[in-house]
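Trainee: Sequence and predicted structure are below.
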Amino acid sequence: MIDSIKLEDILFLDIETVPVTYKYNDLNENARKLWDNKFRFQAADTPEEHYKKAGIFAEFAKIICISVGFVSDKAFRLKSFYGDDEKLLLTEFADLLNKHYNKKEHQLCAHNGKEFDYPFIARRMLINRIKLPNVLNIAGKKPWEVNLLDTMELWKFGDYKNFTSLNLLAHIFDIPTPKDDIDGSDVSRVYYEEKNLKRIVTYCQKDVLTVAQVLLRFKGEPLITPEQVVIT
C-alpha cells in the first residue's frame, strides 16, 4: 500500500500536549472530582500522583504545538503551529488541512498517530468548537477511506502485543535520534517552568522529520538529507 502513496501527498505530523493546569491542586473543584472519578480504580497511585500523566488525556490537557512536514520541490519543509492559544493554533491547522489536504489521495502520517495524535487533535477541535476537517472526520468511513497512516502500526505487521517507540525505530534504522535534547516526559516542565516553547517546537519538528525518515525506510527510499530540510 505505502509503495503506491506519493510522498508529496503525505502530511507528516507530531503534537506536543500539556495538562490544562500544571498541578493537580490547580484544577477547579469540578475538574478534580471528574479526574478522581476517572481514575478511582487506579489503586497504585493517588489522583495527585496520577496527574503527572494528565497530558495524554484530551479531556484534561491541551495542545501547545503541532508540527508538520511535507515534500515540495525536492525539499522537506517543516512548519509549526504553536502557542498558548490552543484554539488559534488548531484553527490554523484545520485551515491547512481544509485547503491543502482534502483530496482522496492525501494522507496524514504520525507515529502512534491512531492511538494518540489523530484522536487527540479531533477531540480538542471539538472541545474548541472547530469543525473537523474531512481527513480527521472518520466516523462512518470504511477502513479504506480513512487516510491516516501510522508508522508504529506499519511496524507491527499485524502484531498487537507491544509498543515500539519512534526513538527505537530511529536507532534500528540508523536514523539520527530526535531525543537528543528533551523527550515527552520533559514537555510539561519545559512549558510551565522554563516557559521555553521554542525548545518544545524544535523537539516536535525533529520528531516529524524522524517519522518521515522511518516511512522512507519502509519504502526503501533514500533518507532526507540535512540540506533538504527547510523550516518555514
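Mentor: All right, it came through fine. Numbering: from 1, shown residues only.
Trainee: make it CA atoms for all contacts and neighbour counts henceforth
Mentor: Fine.
Trainee: average pLDDT for the helix of greatest length in the chain?
Mentor: Within the chain, and with DSSP state H defining each element, the longest helix by residue count is helix 197-219. Helix 197-219 shows a mean pLDDT of 96 in the predicted model.
Trainee: Quick check: buried residues in that helix?
Mentor: Within helix 197-219, the residues that count as buried by 16 or more other C-alpha atoms under 10 Å are 197, 200-201, 203-217.
Trainee: which is the next helix or strand following that helix?
Mentor: Using DSSP states H and E, the next helix or strand after helix 197-219 towards the C-terminus is strand 229-231.
Trainee: and stretch 184-200, how far apart are its ends?
Mentor: Terminal residues of stretch 184-200 are spaced 9 Å apart (C-alpha to C-alpha, to the nearest Å).
Trainee: Oh, that last question was meant for stretch 190-198, not what I typed.
Mentor: First-to-last distance for stretch 190-198 - C-alpha to C-alpha - comes to 10 Å.
Trainee: Just the buried positions in that stretch, please.
Mentor: Along stretch 190-198, these residues count as buried under the neighbour rule (16+ other C-alpha under 10 Å): 190-191, 197.
Trainee: quick one: low-confidence ranges for the protein?
Mentor: Using pLDDT under 70 as the threshold, the predicted model of the chain has low-confidence ranges 41-44, 178.
Trainee: And the helices in it?
Mentor: For the chain, the helices defined by DSSP H occupy 29-38, 47-50, 86-100, 118-127, 151-156, 166-172, 187-189, 197-219.
Trainee: I'd like the distance from Lys99 to Ile224, if you could.
Mentor: Lys99 sits 26 Å away from Ile224 when distances are taken as C-alpha to C-alpha.
Trainee: now swap in Ile64 and tell me
Mentor: According to C-alpha to C-alpha, Ile64 and Ile224 sit 27 Å apart.
Trainee: Between the two, point out the one with more neighbours.
Mentor: Neighbours per residue (other C-alpha atoms under 10 Å) separate Ile64 from Ile224, with Ile64 holding more: 23 against 17.
Trainee: Can you name the residues that contact the more buried one?
Mentor: 15-18, 82-86, 89 (C-alpha atoms under 8 Å, 6 or more residues apart in numbering).
Trainee: Among these, which one lies nearest to Thr164?
Mentor: Ile15 (17.7 Å; C-alpha to C-alpha).
Trainee: if we look at the sheet, which residues does the residue nearest to the closest one when sequence neighbours are not counted bridge to?
Mentor: Taking C-alpha to C-alpha, 6 or more residues apart in numbering as the measure, Ile15 lies nearest to Ile66, with 4.5 Å between them; neighbours along the chain are not counted. Under the criterion DSSP bridges, Ile66 forms beta bridges with Ile15, Phe81.
Trainee: right, and Ile66 touches Leu13 too?
Mentor: Yes: with the criterion set as C-alpha atoms under 8 Å, Ile66 and Leu13 qualify as a contacting pair; they are 6.9 Å apart.
Trainee: So between those two, which is more surrounded?
Mentor: For Ile66 against Leu13, the residue with the higher neighbour count under other C-alpha under 10 Å is Leu13, and the figures read 27 against 24.
Trainee: how near is Ile138 to Leu166?
Mentor: 25 Å.
Trainee: for the contacts of Ile64, which one is nearest Lys33?
Mentor: Compare each of these with Lys33 using C-alpha to C-alpha and the shortest gap goes to Val18, at 19.5 Å.
Trainee: count of residues packed around that closest one?
Mentor: For Val18, the count of nearby residues is 25 (other C-alpha under 10 Å).
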